[in-house]
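**Student:** kindly generate the corresponding structure for this input.
(one chain, ligands or ions: 1)
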Amino acid sequence: TTGYITLDSGYMNTGSCNSQITFLDGEKGILNYRGYEIETLAENCSFVEVAYLLLIGELPTQKQLNDFRELLSRYALIHEDMIHFFDHFPPNAPPMAILSNMVNTLQNYYPEMTSESEEELPEIAARILSKIRTIAAFSYKKSVGHPLVYPRYDLSYCGNFLNMMFDKPVKPYVVHPEVVATLNKLLILHADHEQNCSTSTVRLVGSAGVNLYTSISAGISALWGPLHGGANQAVVEMLMAIHRDNNDFEKYIKKAKDPNDPFRLTGFGHRVYKTFDPRATIIKRACAKTLKALNVDDPLLDIAMELEDIARNDDYFISRNLYPNVDFYSGIIYRAMGIPTNMFTVMFAMGRLPGWISHWREMMLDTKNLRIGRPRQVYDGPKQRDFIPLHERV
Ligand code: SDX
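**Tutor:** Residues are numbered from 1 along each chain as shown. Purely as a prediction, here's the structure:
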């Protein structure tokens, strides 16, 4: 029904593949990374620990984690020549366009980082995981005209990002433990999600033999869509519009239900989950806790919860199994952290990166089944017909 013909061979001919990375049960709302429940990982791990789990397949020992952290610190800088690229992006250049561009450019400066060898994986992954964080923070600093803040050896993955984003010569940034803990949790919750649009893009592009950077760059572009990772930005814009409309919930619910109106209740619905997205449940809890810890009173949280309540009691949404997804509450937390709306999907990309790298490698190392992706179609155009020369066409 989606236009794909189901064939019996190989990846991407059937729109599906085998994988050992992430398990989803859309009916029960279950999400496991390498066999571990997302709730347990989100409550007990750091993002770096979960990135290692996704990449290597096992939770790291303390030594393995220390070594991985050391690699992330060592490779946090980008080539100084790359920094000049930022001078030539227009001030209002979308951060996702900059991110996709700069990640693809990494291969020009670090060509050696595309090998598929097992022992080099932690180093290859650490380099791109660390550099994407620096690129994201630098693009923000450039967009607001502030001096760049370089990564520091003594800060954690998330602490470094926050410091690079918000530290200023006039007012040093104090890394808040609650913010670091919540950012770790958010990145963990976004780290992988089976064969979603952007991960499938990374696999499809990679299946042609394209290197890791270019495959990731394509994944970033796919994630940008408002139907995909761009939804976290669209949710906050929708909540702000409702707020400006004096909380006229009925207007937006009516628009969302109108088959002739392209408006969708963004942050709601999911191709796989037909019950609560387990990530949304965790993020909603973290949202209230983080805003309280930061003493932030954001009316958008109340609006989001009331909108959820109305939709969850409306037959249109109930009959279609439409529930809040990962994007519904995440933007409210990013706002409380001081992250600008146009950077929300960049945060999603930073979180999803270990998943993209893991899937690209899983596919590239599966040499027995590795074939170029070539989805088919159901053709319903004109039947074969005779040619009409130009001078005879009327
Ligand atoms: C992500 O795949 C992944 O795993 C993605 C992701 C990940 O981690 O990678 O989870 C991240 O992308 C989450 C989704 C973020 N996008 C949004 O929140 C955008 C709003 N949501 C919708 O556009 C929609 O729900 C999708 C895109 C998420 C899913 O689209 P589907 O599966 O193609 O759903 P559908 O279009 O077949 O909808 C079925 C019915 C339709 O109504 P009918 O034709 O049956 O009358 O439900 C309706 C749709 O109109 N519907 C909605 C709706 N979502 C679906 N109606 C109003 N508001 C919505 N949000």
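**Student:** going forward, measure contacts between C-alpha atoms and count neighbours the same way
**Tutor:** OK.
**Student:** so stretch 265-279, near the ligand or not?
**Tutor:** Yes: applying Cα under 6 Å from any ligand atom, one finds stretch 265-279 in contact with the ligand at 265-271.
**Student:** for that stretch, list every residue counted as buried.
**Tutor:** Judged by neighbour count using 16 or more other Cα atoms under 10 Å, the buried positions of stretch 265-279 are 265-270, 273-279.
**Student:** likewise for stretch 291-301?
**Tutor:** The neighbour-count check on stretch 291-301 (16+ other Cα under 10 Å) flags 291, 300-301 as buried.
**Student:** which members of these are positioned in helices?
**Tutor:** The helices, defined by DSSP state H, take in 291, 300-301 from the buried residues of stretch 291-301.
**Student:** nearest to Leu71, of the residues you listed?
**Tutor:** Leu291 (32.7 Å; Cα to Cα).
**Student:** my read is that that closest one contacts Asp297, right?
**Tutor:** Yes: applying Cα atoms under 8 Å, one finds Leu291 in contact with Asp297, separated by 6.7 Å.
**Student:** burial count for the nearest residue to Glu194 once chain neighbours are set aside?
**Tutor:** Distances taken as Cα to Cα, 6 or more residues apart in numbering place Thr22 nearest to Glu194, at 5.4 Å, with adjacent residues excluded. Counted by other Cα atoms under 10 Å, the residues lying close to Thr22 total 21.
**Student:** where does Ser200 land in three-state SS?
**Tutor:** For Ser200, the secondary structure call by DSSP: H, G, I helix; E, B strand; the rest coil comes out as helix.
**Student:** ok, back up a step: mind giving me a markdown table with the ones in helices among the buried residues of stretch 291-301 and columns for distance to the ligand?
**Tutor:** Compiled in a markdown table, these are given as follows (distance: Cα to the nearest ligand atom, whole Å):
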| residue | distance to the ligand |
| --- | --- |
| Leu291 | 22 |
| Leu300 | 17 |
| Leu301 | 17 |
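**Student:** dihedrals phi and psi, the residue nearest to Glu194?
**Tutor:** phi -130, psi 140 (degrees, to the nearest 10).
**Student:** by contact count, what packs against the strand or helix carrying Leu55?
**Tutor:** Leu55 is part of helix 47-56 when elements are defined by DSSP states H and E. In terms of contacts (3 or more Cα pairs under 8 Å, 6 or more residues apart in numbering; DSSP states H and E), helix 47-56 is packed against helix 62-74, helix 121-143, helix 177-189, helix 344-365.
**Student:** for stretch 96-113, buried residues please.
**Tutor:** Judged by neighbour count using 16+ other Cα under 10 Å, the buried positions of stretch 96-113 are 96, 98-107, 113.
**Student:** equivalent analysis for stretch 350-367, please.
**Tutor:** 350-364.
**Student:** contact residues of the stretch 151-300 of the chain facing the ligand?
**Tutor:** If contact is defined as Cα under 6 Å from any ligand atom, the residues of the stretch 151-300 of the chain in contact with the ligand are 193, 196-197, 227-229, 231, 256-257, 264-271.
**Student:** ok so, going back, any chance of the helices and strands packed on helix 47-56 in CSV with mean pLDDT as columns?
**Tutor:** Conversion of those to CSV gives the following (pLDDT from 0 to 100):
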stretch, mean pLDDT
helix 62-74, 97
helix 121-143, 95
helix 177-189, 97
helix 344-365, 96
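**Student:** pick the most buried one from those helices.
**Tutor:** Ranked by mean neighbour count under mean count of other Cα atoms under 10 Å, the helices and strands packed on helix 47-56 are led by helix 344-365, which reaches a mean of 24.
**Student:** the inter-axis angle of it versus helix 47-56?
**Tutor:** Between helix 344-365 and helix 47-56, the angle formed by their directions is 30 degrees, by axes from the mean of the first three to the mean of the last three Cα atoms, to 10 degrees.
**Student:** could you say what helices and strands helix 344-365 packs with?
**Tutor:** The criterion is 3+ Cα pairs under 8 Å, 6+ apart, and the helices and strands that helix 344-365 contacts are helix 47-56, helix 95-109, helix 121-143, helix 177-189, helix 197-206, helix 212-223, helix 231-244.
**Student:** do you know how far the residue in the stretch 51-200 of the chain that the ligand sits nearest to is from Tyr316?
**Tutor:** Here the stretch 51-200 of the chain gets closest to the ligand at one residue, Asn196, 3.8 Å apart by Cα to the nearest ligand atom. Shown here: Asn196 relative to Tyr316, a distance of 25 Å by Cα to Cα, to the nearest Å.
**Student:** and for Ala286?
**Tutor:** For Ala286, the distance to Tyr316 under the criterion Cα to Cα works out to 28 Å.
**Student:** these two: which is more packed in?
**Tutor:** Applying other Cα under 10 Å to Ala286 and Tyr316 shows that Ala286 carries more neighbours, namely 20 against 14.
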